[in-house]
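Chemist: Here is a sequence with its predicted model. Questions after.
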Amino acid sequence: MTMHEKLEKIFRDAFGIEKLTDDMSIDTVEGWDSMAHVALIMALQKEFSISISPSDAIELIDIASIKAFLSQS
Amino acid sequence: MSQIEKLNDIIYTAQKNATWLAYRKAARIIRENFSSDTANLKASLTTAFLGSFTIDPLVDFVTVEAAACSIGLQAYTAPYGQVSQEILNPQSGLYAFSPDVTVLIAEADKLAKEPVAAADEIIALAQAFRQNTSGLLVVATFMMSPDWHLHLLPSERQLKLDKANQRLWETFRDDPRVQICDLDELAAYYGYANAISPEMMAMARIPFPEGFLALLAKKLISHLKVRTGLIRKCLVLDCDNTLWGGIIGEDGMNGIVLGPDWPGREFVDFQKAIFELYEQGVILAINSKNNEADVIQVLREHPHMILKEEHFASVCVNWNPKPDNMKKLADEINIGLDTMVFVDDNPAERELMCQMLPEVEVLELPANPALYAKTLRETNFFAKASLTEEDKKRGQMYAAQRQRNQLQESAATLEDYLKSLEMICSIRPAQEKDVKRAAQLTQRTNQFNLTTRRYTEENIRHMFESPEWNVYVLGLKDKFGDNGTVGLALVQKQGKQWRIDTFLMSCRIIGRQAEDALVDRICCDAISASAGGLEAEYIKTPKNALVMDFWDKMDFVKTDSDEITAHYHYDLENYAPKNFEYLKIE
């Protein structure tokens, strides 16, 4: 699976998003609240085997930033 | 997809992903659609969660794992960090929610400066909790993860935490209102290094990583299962390649794999785990396709069998389909199929059992026998919160029952049989030591139970301390052993009329005149107290048809009845105490 496909699966399972686009964010995706954000960060760490610091975590609030962060890691 | 398939699908997806994100979504769907779905879930419970950290992830994990065990959970999550306030304030959200079960997990350093004082704080909170609600409190122990695991000096902090945990155990070990959830032991099993996540603690005050959250949720489910009575009673075992390696019918006594060294040791280890369950009161039985004589010979003569003939309540060895045998075992032992767990190395047999008898729990044994014991030890089918004397002796009692059945088959008449049992019956007022068993009898007895009223230990204690009630317990011994406390009557003395509130017998002693003796005793006591009559009831349930005409047989007169309840009266004026030919009364 590509990074996009893995992300899309996470968002589909968690928020029912069928087609993930880069402009989606914590403001537009229903159910992506602050508690869900913590759960999302945990899921990203597990799926991509990375560690995300709190300062990075608060920036990762839209798909474009998440993808940019993941390609650097 | 049916509702139950949908539910199973949701649970499966969460468990497979094993992330909080997935559990969170599953928990939301379950809350919205299934939490009070009595058609698909066997029990429903209100449960409150109090934590000194962000406890929301744990609530989601428990909600999903509870649904996986057919328990619908309605959860209350206390505001972050409000443990003491919620418990101490009688007007708190916790008490407004009135939970059946309250889970309290607090870090020691959040409660007090040093660990033992933190334990004392929990003990004080439990005291306040008791005064405000009648629910069950589940208290977690403190985690003792080492701070400097490669250092050489003992850690003062750890020693203190150990002392604090011991204090919790000493205080609550026999407390019917408080159960300890040994978080420390669970973390030690999982591995301290992996049971704490400093990253998530820093980011969101969530101490536990997802893998450990799932395990902790399962541990908490054990507490919920005890509360709902969804505890299994009987472990039913296959023989070949389950209790020993190889096939007895082909390999013979000397050819089967069982002994102190490898290979063979893995089966001994498995039998040891099973034996530990037997010692905790789990009933054992055999359901296998073999020649019966072969299996009996192994049980009696093989030097390395841990499990012997006398440990089994019933041995069903033949070539019939195993679901048929399972029903036969349930009848013979006199328990429900929904209290049985089936163990078989053959996946086809397991599948057949699942399909034919879905109420039987089937253990998914791994292919490698070296993992059998570990797999069994990771289940909570038989988790108990306390052990009664009856629990410890249950295995022996059922094995003795098997011998009685054999005697009954060989006796010419029922009278011969009863006479040959040499029974001694004791009927006495309950004392403190009987409370646990008496409450257990009201909670577990379904068939020979005239009114099926369930009582807690506190209810029972209140009754025998009250001058208004007589609490009778009945014990029965015979030449095969002591059956323990197997009968109970709760009688309310309402002046000249005594009311039999509860009258029940354990199924294994039905038809041996003990029930007649108990009625006789109540009559005699009532007459001594100058009462003129007895009031009794039969309340119909799906399980107690066995005793629908019990009072009629005892010559009580039916005064009125509807579809559910029949009322009876018995006039004591001309009562003559009875003699029991086969029963010696103590």
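Modeler: Ah, there it is.
Chemist: What parts of chain B come near chain A?
Modeler: Contacts of chain B with chain A, taken as C-beta under 8 Å from any C-beta of the partner chain, map to B:13, B:17, B:19-22, B:24-25, B:56-57, B:199-200, B:202-204, B:206, B:209-210. The way it works is simple: take the backbone N, C-alpha and C, and place the C-beta from them, glycine included.
Chemist: what does the average pLDDT come to for the longest helix anywhere in chain A?
Modeler: Taking DSSP state H as the criterion, chain A has its longest helix at helix A:34-48. Across helix A:34-48, pLDDT averages out at 92.
Chemist: And for stretch B:198-210?
Modeler: Summarised as a single mean, pLDDT over stretch B:198-210 is 90.
Chemist: One more: stretch B:428-446?
Modeler: For stretch B:428-446, the per-residue pLDDT averages 89.
Chemist: if we look at that stretch, which residues are touching it?
Modeler: Here stretch B:428-446 makes contact (C-beta atoms under 8 Å, 6 or more residues apart in numbering or on different chains) with B:176, B:229, B:336, B:386, B:388-390, B:452-457, B:459-461, B:464, B:470-473, B:484-488, B:502, B:504-507, B:541, B:543-544.
Chemist: Looking at those residues, which are in strands?
Modeler: Of those, the ones assigned to strands by DSSP state E are B:470-473, B:484-488, B:502, B:504-505.
Chemist: farthest-separated two in those?
Modeler: The most widely separated members of those are B:470 and B:484, with 20.7 Å between them, by C-beta to C-beta.
Chemist: Now do the SS call for the closest residue to residue B:529 other than its chain neighbours.
Modeler: Nearest non-adjacent residue to residue B:529, counting by C-beta to C-beta, 6 or more residues apart in numbering or on different chains: residue B:493, 6.9 Å away. Look at residue B:493: counting by DSSP: H, G, I helix; E, B strand; the rest coil, its state is strand.
Chemist: Going by proximity to chain A, name the top residue of the stretch 301-450 of chain B.
Modeler: residue B:378 (22.2 Å; C-beta to the nearest C-beta).
Chemist: Ramachandran coordinates for that residue?
Modeler: phi -90, psi 0 (degrees, to the nearest 10).
Chemist: Pull the number of nearby residues for it.
Modeler: 11 (other C-beta atoms under 10 Å in any protein chain shown).
Chemist: same question, the one 4 residues further on
Modeler: For residue B:382, the number of neighbouring residues by other C-beta under 10 Å comes to 19.
Chemist: what sits against it?
Modeler: Residue B:382 touches B:231-233, B:235, B:277, B:280, B:282, B:341, counting by C-beta under 8 Å, 6+ apart.
Chemist: so the spatially most central residue of chain B, which of the three states?
Modeler: Central residue of chain B (C-alpha atoms, centre = their mean): residue B:231, 4.0 Å from the mean position. Recorded secondary structure, residue B:231: coil (three-state DSSP).
Chemist: was I right about it contacting residue B:379?
Modeler: No - the criterion here is C-beta atoms under 8 Å, and residue B:231 misses it with residue B:379 at 11.8 Å.
Chemist: Can you name the residue of the stretch 451-586 of chain B nearest chain A?
Modeler: For the stretch 451-586 of chain B, C-beta to the nearest C-beta, closest residue to chain A: residue B:456, 36.6 Å.
Chemist: Now the residue nearest to that residue when sequence neighbours are not counted: which helix or strand?
Modeler: With sequence-adjacent residues excluded and distances taken as C-beta to C-beta, 6+ apart, residue B:456 is closest to residue B:439, at 5.8 Å. In this assignment (DSSP states H and E), residue B:439 forms part of helix B:435-444.
Chemist: List the buried residues in that helix.
Modeler: The neighbour-count check on helix B:435-444 (16 or more other C-beta atoms under 10 Å in any protein chain shown) flags B:435-442 as buried.
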